[in-house]
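Visitor: Give the three-dimensional model of this entry:
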Amino acid sequence: MENEDITKIRFFADPICPWTWVSANYVVGAAKVLNLEVEILPMSLKILNENNDLKKEIKTKFDLIEPILESMAYAAKTGRVDLSKELYFQTGYRLHVSKIQDIDIAVKEVHEMFLQFFDEVEDNAALSNDYLVQLHSEAMELVGPDVGSPVLQLLPDGGAMHGPIISKVFDDPKAELLKSIITLSGIKEFSEIKRQRFEELDTRFQVMPLT
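Guide: Residues are numbered from 1 along each chain as shown. Next up, the predicted model:
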């Protein structure tokens, strides 16, 4: 798959994950360099791990973030994909940059920013939940059920993969990493490259610096 063949990235993400936050910021910045549209859609680590024996505090985190996931799903379902992205970044900034420890407080702050919209989501709770499940299933069908957040899909027909997983948003003015992802995703025989995470996670920066 050639870089110029790609027009859009669908980025499936759970805002509770700090590694996904870093990845989302890099992808949005790199996509600007390549003039690509980016949609940020929800996937659910709660659904992904529903059959796993998780610690109580992890389950609580997944439960607390669910209203954001459902609101992102509802925004996407009703043709407001840009709002889905906005909800993701407003929530992620509070959790991973401002470091609000109480997830419920972060969610309430976002709720207060979009009061009328969240009322609409509540009035359509079944639709919101059903579409969240559908989007999560779409993400898993693209890459398989043994990966987590994020899932990156390249359109049209450019393949998909879990990642990228990076420790911080770094300066990539020519979007070389994203170009490599596009190339690898287009190779159907390609499956995985992996190494240990050597650097500490740094979530402070928002959107890749274009210097």
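Visitor: roughly how far apart are the residue nearest to the spatial centre of the chain and residue 41?
Guide: Centroid check for the chain by C-alpha atoms, centre = their mean gives residue 13 as the closest residue, at 2.2 Å. Plainly put, residue 13 is 7 Å away from residue 41 if you go by C-beta to C-beta, to the nearest Å. Using the backbone N, CA and C atoms, a C-beta is placed for each residue, glycine as well.
Visitor: Tell me, how many residues neighbour residue 114?
Guide: Burial of residue 114 is recorded as 17 neighbouring residues (other C-beta atoms under 10 Å).
Visitor: What ranges does the protein have for its helices?
Guide: 18-33, 45-48, 56-77, 81-92, 103-113, 115-123, 125-143, 176-185 (DSSP state H).
Visitor: Make JSON lines from those and add distance to residue 164, mean pLDDT and mean neighbour count to it.
Guide: Shown next, in JSON lines, are the helices of the chain (distance: least, C-beta to C-beta, whole Å; pLDDT from 0 to 100; neighbours: other C-beta atoms under 10 Å):
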{"stretch": "helix 18-33", "distance to residue 164": "6", "mean pLDDT": "95", "mean neighbour count": "22"}
{"stretch": "helix 45-48", "distance to residue 164": "18", "mean pLDDT": "96", "mean neighbour count": "20"}
{"stretch": "helix 56-77", "distance to residue 164": "21", "mean pLDDT": "97", "mean neighbour count": "20"}
{"stretch": "helix 81-92", "distance to residue 164": "16", "mean pLDDT": "96", "mean neighbour count": "21"}
{"stretch": "helix 103-113", "distance to residue 164": "25", "mean pLDDT": "97", "mean neighbour count": "16"}
{"stretch": "helix 115-123", "distance to residue 164": "30", "mean pLDDT": "97", "mean neighbour count": "14"}
{"stretch": "helix 125-143", "distance to residue 164": "13", "mean pLDDT": "97", "mean neighbour count": "17"}
{"stretch": "helix 176-185", "distance to residue 164": "6", "mean pLDDT": "93", "mean neighbour count": "18"}
